[in-house]
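1. Build me a model from this:
(one chain, ligands or ions: 1)
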Amino acid sequence: MAVYLDNAATTEVRSEALDAMLPLMRGDYANPSSAHSAGQRARRALDAARARTAAALGAHPDEIVFTGSGSEADCMAIFGLSAPGASQRRHLITSAIEHHAVLHAADTLRARGHAVTIVPVDAQGFVHADALAEALRARADSAEDATMLVSIMHANNEIGTIEPIARLAAIAHEHGALFHTDAVQTAGHIPIDVAQLGIDALSLSAHKFEGPKGVGALYVRKGACVEPLIVGGAQEGGRRAGTENVAGIVGLSVALDLAVHEIASQSVHIAALRDALIDGALALPGASLNGAREERLPNNASLRFEGVDGQTAVLALDVAGFEASTGSACASGSLEPSHVLSALGLPPGQARGTVRFSLGRTTSADDIARLLSRLPGTIEKLRALADALNPGGGLARARE
Ligand SMILES: Cc1ncc(COP(=O)(O)O)c(C=O)c1O
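-> I've put the predicted structure just below:
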């Protein structure tokens, strides 16, 4: 069996979540808005899932809006918190390394006449408090010019760097702006308490923590006004129309609750395997780590190898029995170097040498040992191939 090291792209649904979901698709499939007793059972399952999801984040159940994905939660935050009914302010700040769900939503707002500032990151992927403070517009000439929303991700999906969210949110609030964080890669992986983070909105997605695909959630702090993206029925407190995905939502709540309770034991174990992988890989000539060493997701090892094309490396590793990726699954197949790696200041030739390994709850020490035994030969073969195809060319020179 291949070793699956692409858990940042998606995870296997854990059996407890699946067991909780199946009855809601077979016998107990009623619409939670139906008045009959089967409908009321579905309603109770939904209410319990909302309470469980809220408790896992330190939130109130009314503050949870279930969505169809992490992307939808991000878009709801960006569009919903900046809609005319929600704010007069028209300036958005986000970072250069956000997921495209946030960056493309920002592009759309810009096209609609909003001002958008993209704050840079340093070589490890950190957003600096000074850079945010400089970008914030509080004392603008008119309310319209002032910053309404700052959206900075909790941790980056490609390089694993964890941002100083509590500090950044406090600065945004000092300037009267709201703060949203995309926690799609951190929910269930590192502790989250929305009050401690001091944020107004937070996105998550079930399939990143062993829940089902196609279901996410947006936490919206009580008092923050968010306009719906999808209108129609009055579901989700009028904030997201459409018959609820009861089974998916229950699966999300079970997977999140279990993951959060296991963080203390799991994250130490997974981080130890991650470090063994990083240390083993960095012992190879021409290998470097992308992102921060300390403030890093416990399951992320983003490595680059000089003289190697990451996409070719992913294919060669697949043949060798290891499933990894070059970075974001959404951008794979693109010939452009990743916007995240470019924002770190890496030239395209170096950025293209990246392979992201993302570990999961069932990754074993043996899996990592097997990978480390195959990695040197795979990398050397790819370098030899690149040299043969392009003697004295860019890849060969990059190794010197
Ligand atoms: C940081 C981040 N945000 C948002 C998303 C989008 O989540 P979904 O796949 O549920 O739309 C992803 C998925 O890769 C992600 O990694």
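
2. residues contacting the residue lying closest to T326 once chain neighbours are set aside?
-> Nearest residue to T326 in three dimensions, chain neighbours excluded: G310, at 4.1 Å (CB to CB, 6 or more residues apart in numbering). Placement of C-beta: from N, CA and C, glycine included. Neighbour list for G310: R304, T326, G327, R352, G353, T354, V355 [criterion: CB atoms under 8 Å, 6 or more residues apart in numbering].

3. Among those, which pair sits farthest apart?
-> Within these, two members stand farthest from each other by CB to CB: G327 and G353, at 11.5 Å.

4. Can you name the residue of the chain that approaches the ligand most closely?
-> G70 (2.6 Å; CB to the nearest ligand atom).

5. Around that residue, how many other residues sit close by?
-> Using other CB atoms under 10 Å, G70 has 26 neighbouring residues.

6. What of E336?
-> E336: 10 neighbours (other CB under 10 Å).

7. would TSV of the contacts of G310 with secondary structure be doable?
-> Shown next, in TSV, are these (DSSP: H, G, I helix; E, B strand; the rest coil):
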residue	secondary structure
R304	strand
T326	coil
G327	coil
R352	coil
G353	coil
T354	strand
V355	strand
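
8. which among those gets closest to I118?
-> G327 (18.8 Å).

9. Was I right to think that closest one contacts A351?
-> No - assessed by CB atoms under 8 Å, G327 is found out of contact with A351, at 9.0 Å.

10. More neighbours: which of those two?
-> Neighbours were counted for G327 and for A351 using other CB under 10 Å; G327 has more, 27 against 23.

11. Could you check what's spatially nearest to that one, not counting adjacent residues?
-> E158 (4.1 Å).

12. can you list residues touching both of G327 and A351?
-> In contact with both G327 and A351: S338, L341, using CB under 8 Å, 6+ apart.

13. How far does the helix or strand encompassing S267 sit from its chain's centre?
-> Counting by DSSP states H and E, the element that carries S267 is helix 246-282. Its chain's average C-alpha position is 14 Å from that of helix 246-282, according to CA atoms, centre = their mean, to the nearest Å.

14. Identify each buried residue in it, please.
-> For helix 246-282, a neighbour-count test (16 or more other CB atoms under 10 Å) marks 246-260, 263, 266-267, 270-271, 273-274, 276-278, 280-281 as buried.

15. again with stretch 382-389
-> In stretch 382-389, counting by 16+ other CB under 10 Å, buried: L382, R383, A386.

16. Likewise for stretch 305-323?
-> 305-311, 313-314, 316-317, 320, 322.

17. interface residues of the chain facing the ligand?
-> 69-71, 74, 99, 101, 153, 157, 182, 184-185, 205, 216, 330 (CB under 6 Å from any ligand atom).

18. make it 5 Å
-> Counting by CB under 5 Å from any ligand atom, the chain comes close to the ligand at S69, G70, S71, H99, A101, N157, D182, V184, Q185, S205.

19. With pLDDT added, can I get the residues you listed in a markdown table?
-> Formatted as a markdown table, these follow (pLDDT from 0 to 100):
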| residue | pLDDT |
| --- | --- |
| S69 | 98 |
| G70 | 98 |
| S71 | 98 |
| H99 | 98 |
| A101 | 98 |
| N157 | 98 |
| D182 | 99 |
| V184 | 98 |
| Q185 | 98 |
| S205 | 98 |
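
20. show me where pLDDT drops low in this structure?
-> 139-141, 328-335, 392-400 (pLDDT under 70).

21. what residues go with each domain of it?
-> Domain assignment for the chain, taken from automatic domain parsing, gives 3-8+263-399, 16-259.

22. Would you mind finding the most buried of those?
-> Comparing those by mean neighbour count (mean count of other CB atoms under 10 Å), domain 16-259 comes out on top with a mean of 20.

23. coming back round to it: could you measure from the residue nearest to T326 over to A351?
-> Distance, G310 to A351, by CB to CB, to the nearest Å: 8 Å.

24. Then L204?
-> 28 Å.

25. now swap in E63 and tell me
-> Taking CB to CB, one finds E63 at 38 Å from A351.

26. swap in I270?
-> I270 is 26 Å from A351, by CB to CB.

27. Likewise for S142?
-> 41 Å.

28. Which residue ranges of the stretch 301-400 of the chain form helices?
-> 310-319, 339-343, 348-351, 365-389, 394-399 (DSSP state H, counting those that start in this stretch).

29. So which of these is nearest T53?
-> Per CB to CB, nearest to T53 of the helices of the stretch 301-400 of the chain: helix 339-343, 28.3 Å.

30. Which other helices and strands does the closest one contact?
-> helix 348-351 (3 or more CB pairs under 8 Å, 6 or more residues apart in numbering; DSSP states H and E).

31. The helix it packs on packs against which elements?
-> Using 3+ CB pairs under 8 Å, 6+ apart: helix 348-351 touches helix 339-343, helix 394-399.

32. ok so, going back, which stretch among the helices of the stretch 301-400 of the chain comes nearest T10?
-> helix 310-319 (15.6 Å).

33. Only C-alpha atoms, please: export that closest one in PDB.
-> Written as PDB, here are the backbone C-alpha positions of helix 310-319 (Å, rounded to 0.1, in the frame of the first residue of the first chain):
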ATOM      1  CA  GLY A 310       8.800  19.300  -7.800                       C
ATOM      2  CA  GLN A 311       6.100  18.000 -10.100                       C
ATOM      3  CA  THR A 312       8.500  15.400 -11.500                       C
ATOM      4  CA  ALA A 313       9.500  14.500  -8.000                       C
ATOM      5  CA  VAL A 314       5.900  14.000  -6.900                       C
ATOM      6  CA  LEU A 315       5.400  11.600  -9.900                       C
ATOM      7  CA  ALA A 316       8.600   9.700  -9.100                       C
ATOM      8  CA  LEU A 317       7.700   9.400  -5.400                       C
ATOM      9  CA  ASP A 318       4.300   8.100  -6.500                       C
ATOM     10  CA  VAL A 319       5.900   5.300  -8.500                       C
END
